[in-house]
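Engineer: Below is the structure, and that's it, no one-letter string:
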């Protein structure tokens with residue numbers, strides 16, 4: 001993760017010699033037509049495998065009436081996935097030279113997340129974090145290697161920044177050994193280590209800011225949001241299909257499926273209503289926006305888990321009430337809406353009416369929790385109406401064409 005920079009960070013891109021190995025120099029912030037590479041897209045898809053595993057375990061925990069424990073485990077595992085993804089994403093935006101060694105090290109990181117995904121089940125059920133920790137070790141040591149390589153081609157404050165990143169990642173990885181302490185200590189270890197991890201970029205970039213590309217970064221985050229929302233739809237579809245294969249429950253499942261689709265469609269519309277890269281200018285904006293996406297990604301993935309819980313409850317497989325099943329969908333939906341509003345929408349709203357659309361929608365979605373079997377469908381309708389209301393309000397203010405459409 002990095003932030004916006006002084007002029008020294010926006011170095012002009014140099015001609016890159018052809019060959020399997022190239023010097024890893026910083027890319028230019030003013031580079032034109034900078035888009036996500038095929039390797040980055042592959043990286044994202046493999047990370048979603050781990051997110052899917054975390055979602056499956058969250059479904060099991062909530063369906064069995066252990067929501068509190070399940071959410072805590074989900075938050076811990078999801079942070080490890082998200083933070084490793086984000087570290088790579090911001091590094092790649094500044095230093096991706098796409099040579100053979102860079103590709104190999106990135107593939108090692110992908111292998112690490114697959115090891116982590118294999119350990120998610122035991123982490124949830126037995127609080128055994130060995131495989132999760134091992135996968136994290138693989139990913140983080142690969143990241144350390146990338147930063148050390150970048151430091152070799154850098155000078156002065158840029159080299160100091162790269163070495164600070166490498167050292168900070170290494171120290172934090174040592175700290176994660178605390179996951180093997182007795183179970184009561186785990187939440188405290190998690191909180192301390194999260195704080196330490198978040199401080200590494202702040203410390204590393206005190207004197208030099210890496211030359212990440214605003215448009216590239218916003219595209220990377222947007223693509224990952226699409227992939228997570230796609231996983232949400234896939235999870236809900238599988239749940240509905242499985243239930244239908246075992247019994248005729250169309251009347252109970254159709255409202256959940258329809259409401260889930262409306263929620264996901266609205267979530268996509270709301271997130272992509274405006275291009276956000278123009279706001280990624282200052283140091284504070286970049287850190288807040290990048291860190292805040294932990295909530296966006298986690299809540300978007302949790303919506304899919306909630307839809308699976310609602311399906312299981314509707315067909316009598318979940319040992320929870322209808323209220324709890326509806327809340328498994330409405331709570332992450334409301335959290336997603338509020339976070340997208342805080343990070344994106346509020347910057348483009350004109351007037352109190354536009355500003356209130358998403359906060360009020362989030363509140364109404366929470367109210368839908370109490371509508372019993374129709375709660376998910378009602379939440380989907382409310383989310384869709386929020387999009388309609390936003391489009392209508394913007395249509396009445398044509399002079400602010402850059403304003404957000406929801």
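Structural biologist: Done, it's in. A quick note: this is a predicted structure, and the numbers were derived from the prediction, not measured.

Engineer: So which elements touch the helix or strand of the chain with the lowest mean pLDDT?
Structural biologist: When the helices and strands of the chain are scored by mean pLDDT, DSSP states H and E, helix 214-246 comes last with a mean of 83. Secondary-structure packing of helix 214-246 (3 or more CB pairs under 8 Å, 6 or more residues apart in numbering; DSSP states H and E): helix 38-63, helix 67-95, helix 250-271, helix 283-314. Glycine gets a C-beta too; all of them are placed from N, C-alpha and C.

Engineer: Give the other helices and strands that the last one contacts.
Structural biologist: Here helix 283-314 touches helix 38-63, helix 67-95, helix 186-204, helix 214-246, helix 250-271, helix 322-343, going by 3+ CB pairs under 8 Å, 6+ apart.

Engineer: Repeat the analysis, applying 10 Å as the threshold.
Structural biologist: If contacts are counted by 3 or more CB pairs under 10 Å, 6 or more residues apart in numbering; DSSP states H and E, helix 283-314 sits against helix 38-63, helix 67-95, helix 186-204, helix 214-246, helix 250-271, helix 322-343, helix 375-395.

Engineer: So which bits of it are buried?
Structural biologist: Going by neighbour count (16 or more other CB atoms under 10 Å), the buried part of helix 283-314 is 285-287, 289-291, 293-314.

Engineer: relative to helix 67-95, how tilted is it?
Structural biologist: Interaxial angle of helix 283-314 relative to helix 67-95 (axes from the mean of the first three to the mean of the last three CA atoms, to 10 degrees): 140 degrees.

Engineer: quick one, helix 283-314 and helix 38-63 angle?
Structural biologist: Counting by the same axes, to 10 degrees, helix 283-314 lies at 50 degrees to helix 38-63.

Engineer: Quick one: work out the angle between helix 283-314 and helix 214-246.
Structural biologist: Between helix 283-314 and helix 214-246, the angle comes out at 0 degrees (the same axes, to 10 degrees).

Engineer: What of the second one?
Structural biologist: Orientation of helix 67-95 against helix 214-246 (the same axes, to 10 degrees) gives an angle of 140 degrees.

Engineer: After helix 67-95, which helix or strand is next?
Structural biologist: helix 100-118 (DSSP states H and E).

Engineer: And that next one, what does it pack against?
Structural biologist: Applying 3+ CB pairs under 10 Å, 6+ apart, one finds that helix 100-118 makes contact with helix 38-63, helix 67-95, helix 130-153.

Engineer: Redo those helices as CSV? Include mean pLDDT and distance to residue 254.
Structural biologist: Listed next are the helices and strands packed on helix 100-118 as CSV, based on pLDDT from 0 to 100; distance: least, CB to CB, whole Å:
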stretch, mean pLDDT, distance to residue 254
helix 38-63, 91, 20
helix 67-95, 91, 25
helix 130-153, 93, 38
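
Engineer: between the ones you listed, which one is nearest to residue 22?
Structural biologist: Across the helices and strands packed on helix 100-118, residue 22 has its closest neighbour in helix 130-153 (9.5 Å, CB to CB).

Engineer: Which of the helices or strands spans the nearest residue to residue 140 once chain neighbours are set aside?
Structural biologist: Spatially, and ignoring its direct neighbours in sequence, residue 140 is nearest to residue 173 (4.8 Å; CB to CB, 6 or more residues apart in numbering). For residue 173, the host element (DSSP H and E) is helix 156-175.

Engineer: check contacts around residue 361.
Structural biologist: Listed by CB atoms under 10 Å, 6 or more residues apart in numbering, the contact set of residue 361 reads 266, 270, 333-334, 337-338, 341, 379, 382-387, 389-390, 406.

Engineer: right, and residue 37 touches residue 92 too?
Structural biologist: Yes - if you go by CB atoms under 10 Å, residue 37 and residue 92 touch, sitting 8.0 Å apart.

Engineer: what touches both of these two?
Structural biologist: Residues touching both residue 37 and residue 92 (CB under 10 Å, 6+ apart): 43, 98, 106, 216, 220.

Engineer: Just the buried residues out of the residues you listed, in ChimeraX syntax.
Structural biologist: Only the buried entries of the shared contacts of residue 37 and residue 92 go into this ChimeraX selection, using 16+ other CB under 10 Å:
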select :43,106,216,220
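
Engineer: now the shared contacts of residue 37 and residue 92 in CSV, with distance to residue 191?
Structural biologist: Putting the shared contacts of residue 37 and residue 92 into CSV (distance: CB to CB, whole Å) gives the following:
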residue, distance to residue 191
43, 28
98, 37
106, 30
216, 32
220, 27
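
Engineer: Could you tell me which ranges of the stretch 151-300 of the chain sit under the pLDDT cut-off?
Structural biologist: 243-249, 277-278, 281-284 (pLDDT under 70).

Engineer: Geometrically speaking, which residue is the centre of this protein?
Structural biologist: residue 297 (3.0 Å; CA atoms, centre = their mean).

Engineer: so how far is residue 362 from that residue?
Structural biologist: 17 Å (CB to CB, to the nearest Å).

Engineer: same thing with residue 215?
Structural biologist: On the measure of CB to CB, residue 215 and residue 362 end up 29 Å apart.

Engineer: Then residue 320?
Structural biologist: 23 Å.

Engineer: Compare the two and say which one has the larger neighbour count.
Structural biologist: residue 362 (22 against 19; other CB atoms under 10 Å).

Engineer: Need the mean per-residue confidence for the strand or helix carrying the more buried one.
Structural biologist: Assigned by DSSP H and E, residue 362 belongs to helix 351-367. The average pLDDT for helix 351-367 rounds to 90.

Engineer: tally of neighbours for residue 41?
Structural biologist: 14.

Engineer: ok, back up a step: closest to residue 121 out of the helices and strands packed on helix 283-314?
Structural biologist: helix 38-63 (6.2 Å).

Engineer: Counting by contacts, list what the closest one packs against.
Structural biologist: Using 3+ CB pairs under 10 Å, 6+ apart, helix 38-63 sits against helix 67-95, helix 100-118, helix 120-126, helix 130-153, helix 214-246, helix 283-314, helix 322-343.
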